[in-house]
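A.B. asks: give me a 3D structure for the following:
(chains A and B)
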Amino acid sequence: MFGSHKTSRSDPAHAPSPVARKSSGLDQVFSSCPPNEPQSVLDMSGASQANISFITGLGHRLSTDDVIGTMEQCFGADFLAGQQAAAAAQRFLDQTLRFHDDVFDIALVWDALQFLAPPLIDQVIGELLRVVKPGGLMLVFFNADEHASQIPVYNYRIQDQKNLMQVSRGSLQRSQFFPNRMVERLFEKAASLKFFLTRDSLREVIVRR
Amino acid sequence: MWSKKTQDVPAQNPVRPNPAPSASTPAVEPAKRESTPTMSSPARTFEPEISGTRGGAAALGKNVTVKGQIFAREDLTIDGEVEGTVECHEHRLTIGPNARVQAGLKAREIVIHGSIQGNVEAADKIDIKKEAKLVGDIKTSRIVIEDGAYFKGSIDISKSAVPPRPGQAATANQTANSPAAAPAPVAAAAGAQSVTK
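C.D. replies: Numbers count the residues shown, from 1 in each chain, chains lettered A, B, ... in the order given. Next up is the predicted model:
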């Protein structure tokens, strides 16, 4: 627990400036919350004042689990090679999504899944489906650039219900390109999926358990 | 050195700018001790913030290890290792950058620079600095977290009003429910079009 925590793979001095973007997925997720009913929200980006302020300001309970940070701790510099070591993969699973069943109404998964390779990605999605309540929602992002192997990784800071600020954490090699068909296969046990086409290279998906 | 402190230090007492831990600082009242603390070396680099506090502030230096329960009736700074529980009701608890704490913490206000594994409860405010690492659940009225801080756990914001301490009625409203200090956007947001499966 007290080991060093590397938060970024790029030189902070040369890190790109934060980028604002509209998020229809985020809007729909929070629009679907019943009024005056506090929800239990899981945020899988690094803890931030913006997200805490927004989510607790709506009266919801927030839990955070920085999956990218845990990957950095468990797999070292080369995520994909590190995941193939059984001991490292088990260490990652031991530290990730350690929650009871059916705890969360909303899981903000962001873009973490695309850096996980099989079989770990299936195990993590299984854990997500376990901790999210039936009918609960997950907001998942995938990079839509088919030809890129090294893609940017972000912390997502919620500005308001429709707007995000993307704060760069550098770039990482993703495990593979995720077309819609593959996303559907990954979440085949979910009740429904809803895809959002965006003008940038980030594809948003709402998964209903 | 661990004897019970029976009353708060009078307000007119001079506040020490760098309270070095010493045998004459009877700040901590451990109900149960399982190991003998070792006093810290004088060469500490961390200087706890003590402005705005009432009376003095006790400190556990970076070479101090405590296992058991700590009750403080004054502000307390921990920069060493603690395992057990720490309670500073009505006072401020500061976890220094060298601290390694595996304990449940309760205080009026908690400032975290170091590493904590355990649940944290503050009646007024929790302030998590960028170098902090916290694994555990938080319960508080207000929370401030700096970018770069590592936090894993849940946050419960209790809406109970905490009466302001004398002289602190107009403190900054850096609450979890206030707008976050976010950098200005540098690019126009992209529109989105939804397609339902």
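
A.B. asks: OK, contacts around the residue of chain A most remote from its centre?
C.D. replies: For chain A, the largest distance from the centre (C-alpha atoms, centre = their mean) belongs to A:Asn36, which lies 26.1 Å off. A:Asn36 makes contacts with A:Gly59, as judged by C-beta atoms under 8 Å, 6 or more residues apart in numbering or on different chains. All C-beta spots, glycine's among them, are computed from the backbone N, C-alpha and C.

A.B. asks: what's the separation between it and B:Asp156?
C.D. replies: 18 Å (C-beta to C-beta, to the nearest Å).

A.B. asks: likewise for B:Lys125?
C.D. replies: Between B:Lys125 and B:Asp156 the distance is 14 Å, computed by C-beta to C-beta.

A.B. asks: check A:Ala87 too.
C.D. replies: 35 Å.

A.B. asks: just say helix, strand or coil for the residue farthest from the centre of chain A.
C.D. replies: coil (DSSP: H, G, I helix; E, B strand; the rest coil).

A.B. asks: go on, A:Gln90?
C.D. replies: Under three-state DSSP, A:Gln90 comes out as helix.

A.B. asks: low-confidence bits of chain B, can you list those?
C.D. replies: B:1-56, B:159-197 (pLDDT under 70).

A.B. asks: can you pull the phi/psi pair for A:Ile158?
C.D. replies: phi -80, psi 120 (degrees, to the nearest 10).

A.B. asks: report pLDDT for it.
C.D. replies: pLDDT recorded at A:Ile158 is 94.

A.B. asks: what's across from it in the sheet?
C.D. replies: A:Leu164 (DSSP bridges).

A.B. asks: distance of the closest residue to B:Thr65 other than its chain neighbours relative to B:Gln117?
C.D. replies: Closest residue to B:Thr65 apart from its sequence neighbours, by C-beta to C-beta, 6 or more residues apart in numbering or on different chains: B:Glu81 at 4.4 Å. Plainly put, B:Glu81 is 11 Å away from B:Gln117 if you go by C-beta to C-beta.

A.B. asks: between these two, tell me which one has more neighbours.
C.D. replies: Between B:Glu81 and B:Gln117, counted using other C-beta atoms under 10 Å in any protein chain shown, the more crowded position is B:Glu81 (21 against 17).

A.B. asks: test my guess that the more buried one contacts B:Asn63.
C.D. replies: No - the criterion here is C-beta atoms under 8 Å, and B:Glu81 misses it with B:Asn63 at 9.0 Å.

A.B. asks: how about the contacts made by A:Ser149?
C.D. replies: A:Gln173, A:Arg174.

A.B. asks: chain B versus that one, what's the distance?
C.D. replies: In this view, A:Ser149 and chain B are 23 Å apart by C-beta to the nearest C-beta, to the nearest Å.

A.B. asks: same check, this time on A:Met71
C.D. replies: A:Met71 is 13 Å from chain B, where distance means C-beta to the nearest C-beta.

A.B. asks: with A:Lys162 instead?
C.D. replies: Counting by C-beta to the nearest C-beta, the gap from A:Lys162 to chain B is 9 Å.

A.B. asks: let me know the secondary structure of the residue lying closest to that residue once chain neighbours are set aside.
C.D. replies: Closest residue in space to A:Lys162, ignoring its immediate chain neighbours: A:Asp27 at 4.6 Å, by C-beta to C-beta, 6+ apart. Reducing the assignment at A:Asp27 to three states with three-state DSSP gives helix.

A.B. asks: can you get me a residue count around A:Asp27?
C.D. replies: Here the count is done by other C-beta under 10 Å, and A:Asp27 has 17 residues near it.

A.B. asks: next one: whichever strand or helix holds A:Leu172 to chain centre, how far?
C.D. replies: Assigned by DSSP states H and E, A:Leu172 belongs to strand A:163-173. Its chain's C-alpha centre and that of strand A:163-173 lie 11 Å apart, by C-alpha atoms, centre = their mean, to the nearest Å.

A.B. asks: A:Leu202 against A:Arg21, yeah?
C.D. replies: Yes - the pair A:Leu202 / A:Arg21 is scored as a contact, 7.3 Å apart, by C-beta under 8 Å.

A.B. asks: any chance you could map the helices in chain B?
C.D. replies: Taking DSSP state H as the test, none of chain B falls into helices.

A.B. asks: what about residue 82, how many neighbours?
C.D. replies: Just going to use chain A. Neighbours of A:Gly82 (other C-beta under 10 Å): 18.

A.B. asks: sorry, should have said chain B
C.D. replies: B:Val82, neighbours per other C-beta under 10 Å, totals 27.
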